[in-house]
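[1] I'll drop the sequence and a predicted model, then ask my questions.
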Amino acid sequence: MTSRHIDPTTLASFAGAAAGHEGVLSDASGDLVIKPCTPAEVAFYEVVNASHPELAFYLPRFMGTLQFGDRRPAAVSLPANSASGTPQANTDVIEAHVINLPATHAPSTSIPPSEISPSASEVQSTPASSSSTSGTAATLSLADPGPLKGKKLDTDLHIVLENVSAGFTQPNILDLKLGARLWDEAAKPEKRARLDKVASETTSGSLGFRIAGMRVWQGEAKPVPPAPGVERLEDVVSGDREVKSQHWSIDKETNHKSYNKFYGRTFTADNVLQGFKEYFLVPSAGITEDHARIVLWNFLSELRDIEQILQSKESRMYSSSLLFVYEGNPEAFQRALDAITNAPVPKRKTNESNEEGEGDDDEGEEYDDDEEEDLPKVHAVKLIDFAHAKIEDGLGPDENMLAGVRSTIRILETLLKEISA
């Protein structure tokens, strides 16, 4: 078991989030995400890791917690093994200390069918005040775009998770907020009314999901304004570091296009497919339809697995999200795909109970997945954001979440069929 020391003075603002609250940090390696959280979110991760390994597979790896407050040493909670209740083997141990941060501190694999394979070679906030009652961004001005992400939680408690986008050369990220109901029983009436209004005016209500944010690499070429008809050119502003509109911005240095939370509020059930095309089809970066088909096939395979798992759980997860990541650099994508395709079948590890060679069954045997963990990434899909989540006997399946997952499956199936025609 390795030991990892986190020096809080080296933490930096996490730039890779497509949506979510402000105040998210990353360690110097970029492998970890440290985000403000509630005790309920920590408890949810602990329960899932201890007792629901099949669901834990689709959550970011839980590494522990950090406390920013005083200068006393911080005890770090580690996830429990589902069988023994002890910390999982091969999980990094976080060594941390609680520190005071000044108020002004600003911390700097499944493979698709061969016929579609190319040849070898990772809580809603109130919108800005407006005279409009709409839940969309239609009345926002560029001078006052409102909060593009949720406010930073007022807490010293931080959860330490794996950075799902680490290991990609150019991760393309999509955050889908799940559920038509976005509040839990503890929400005040005014919050319930506000979130119900947002849901009723967006695809949250009609489809059970909403595009909460995206971050998509546009390729090596310098950013250009959108073509007429895509977005009014007078609404696009070009500054020293970015090109931006009401719904998106392009970093001129990295050429990443970030779509804010108001982007997803512009869609209806009839046209939301266009938002997914923006994510999966990026001609300027060389993302071909072959590339998109492979990614879509992989995502659909795992979404169907997630659907089955959620059907088997008695849970409630309000305002949680599906986080999609895929490799947006075509060359890196092909290298990763080749490596996975040509990788040897993982070897079996035989437990002591089966070392005598008794019988021919597979009981007591498991696959060694160390080699799989070393393979480059093509895609990842995870469930995230559990500030309002719980698993409890008697609740039954979370149909609110499942409705969003099923709608997402239908949309991706539609897109896959369209680009495969």
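    Perfect, thanks for sending it. Just so we're clear, the structure is a prediction, and the values are computed from it rather than from any experiment. Residues are numbered from 1 along each chain as shown.
[2] now the lengthiest helix in the chain: mean pLDDT?
    The longest helix of the chain (DSSP state H) is helix 289-312. Taken as a whole, helix 289-312 has a mean pLDDT of 97.
[3] same thing with stretch 44-52?
    Rounded mean pLDDT across stretch 44-52 is 97.
[4] okay, now the sheet partners of the helix or strand hosting Leu383, with direction.
    In the assignment (DSSP states H and E), Leu383 maps to strand 379-384. Counting by DSSP bridges, the strands paired with strand 379-384 are strand 321-327 (antiparallel).
[5] got a list of contacts for the strand it pairs with?
    Identification of contacts with strand 321-327 by C-beta atoms under 8 Å, 6 or more residues apart in numbering yields 18-20, 122, 164-165, 168-178, 209, 212, 279, 295, 299, 303, 306, 333, 336, 377-385, 404-405, 408. (C-beta placed from N, C-alpha, C; glycine too.)
[6] rerun that using 7 Å as the cut-off
    Applying C-beta atoms under 7 Å, 6 or more residues apart in numbering, the contact partners of strand 321-327 are 122, 164-165, 168-178, 212, 295, 299, 333, 336, 377-385, 408.
[7] next helix or strand past it?
    Next element after strand 321-327 (DSSP H and E): helix 330-341.
[8] quick one, helices of this structure?
    Using DSSP H, helices in the chain cover 39-51, 53-56, 189-200, 203-207, 273-280, 289-312, 330-341, 370-373, 399-420.
[9] what's the angle from the first one to strand 379-384?
    Computed with axes from the mean of the first three to the mean of the last three C-alpha atoms, to 10 degrees, the direction of helix 39-51 lies at 120 degrees from that of strand 379-384.
[10] CA atoms only: put helix 39-51 into PDB for me.
    Extracted C-alpha coordinates of helix 39-51, given in PDB (Å, rounded to 0.1, in the frame of the first residue of the first chain):
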ATOM      1  CA  PRO A  39     -21.100  14.600   5.300                       C
ATOM      2  CA  ALA A  40     -23.900  12.900   3.400                       C
ATOM      3  CA  GLU A  41     -21.700  12.600   0.300                       C
ATOM      4  CA  VAL A  42     -18.900  11.100   2.300                       C
ATOM      5  CA  ALA A  43     -21.300   8.600   4.000                       C
ATOM      6  CA  PHE A  44     -22.700   7.600   0.600                       C
ATOM      7  CA  TYR A  45     -19.300   6.800  -0.800                       C
ATOM      8  CA  GLU A  46     -18.400   4.800   2.400                       C
ATOM      9  CA  VAL A  47     -21.600   2.800   2.200                       C
ATOM     10  CA  VAL A  48     -21.200   2.100  -1.500                       C
ATOM     11  CA  ASN A  49     -17.600   1.100  -1.200                       C
ATOM     12  CA  ALA A  50     -18.300  -1.200   1.800                       C
ATOM     13  CA  SER A  51     -21.400  -3.000   0.500                       C
END
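[11] quick check: buried residues in that helix?
    Glu41, Val42, Phe44, Tyr45, Glu46, Val47, Val48, Asn49, Ala50 (16 or more other C-beta atoms under 10 Å).
[12] same for that helix, what does it pack against?
    helix 53-56, strand 62-67, strand 157-162, strand 389-391 (3 or more C-beta pairs under 7 Å, 6 or more residues apart in numbering; DSSP states H and E).
[13] of all the ones you listed, which lies closest to Ser238?
    strand 157-162 (35.5 Å; C-beta to C-beta).
[14] partner strands of the closest one, parallel or antiparallel?
    By DSSP bridges, strand 157-162 pairs with strand 32-36 (antiparallel), strand 62-67 (antiparallel).
[15] for Val272, grab phi and psi.
    Backbone torsions of Val272, given as degrees, to the nearest 10, read phi -60, psi -20.
[16] distance-wise, check it relative to Tyr318.
    21 Å (C-beta to C-beta, to the nearest Å).
[17] more crowded one of those two?
    Tyr318 (24 against 21; other C-beta atoms under 10 Å).
[18] and the pLDDT for that one?
    Tyr318 is assigned a pLDDT of 97 by the prediction.
[19] you'd agree it is up against Ala187?
    No. Counting by C-beta atoms under 7 Å, Tyr318 stays clear of Ala187, with 8.5 Å between them.
[20] what residues are up against Pro330?
    Gly286, Ile287, His291.
[21] excluding residues flanking it in the chain, which one is nearest the second one?
    Nearest in space to Ile287, with sequence neighbours left out and distances taken as C-beta to C-beta, 6 or more residues apart in numbering, is Leu281 at 6.2 Å.
[22] ok, the first one next?
    Nearest in space to Gly286, with sequence neighbours left out and distances taken as C-beta to C-beta, 6+ apart, is Pro330 at 4.2 Å.
[23] again with Val160
    In space, Val160 is closest to Met63, 4.2 Å off (C-beta to C-beta, 6+ apart).
[24] next: Trp248.
    Tyr259 is the one closest to Trp248 (C-beta to C-beta, 6+ apart), at 4.7 Å.
[25] tally of neighbours for Phe57?
    Residues near Phe57, counting by other C-beta under 10 Å: 14.
[26] quick check: phi and psi on it?
    Note on Phe57: its backbone torsions stand at phi -60, psi -30 [degrees, to the nearest 10].
[27] check contacts around it.
    Counted by C-beta under 7 Å, 6+ apart, Phe57 has zero contacts.
[28] wait, Phe333 sits on His291?
    Yes. Assessed by C-beta under 7 Å, Phe333 is found in contact with His291 at 6.2 Å.
[29] so which of those two has more stuff around it?
    Phe333 (26 against 23).
[30] residue contacts, that one?
    Counting by C-beta under 7 Å, 6+ apart, the residues that Phe333 touches are His291, Glu327, Val378.
[31] rewinding a little: CA atoms of the strand holding Leu383 as CSV?
    Provided in CSV are the C-alpha atoms of strand 379-384 (Å, rounded to 0.1, in the frame of the first residue of the first chain):
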residue,chain,number,x,y,z
HIS,A,379,-13.4,6.4,-22.5
ALA,A,380,-14.9,6.5,-19.0
VAL,A,381,-18.4,6.9,-17.6
LYS,A,382,-19.1,7.5,-13.9
LEU,A,383,-22.0,8.5,-11.7
ILE,A,384,-21.0,11.6,-9.6
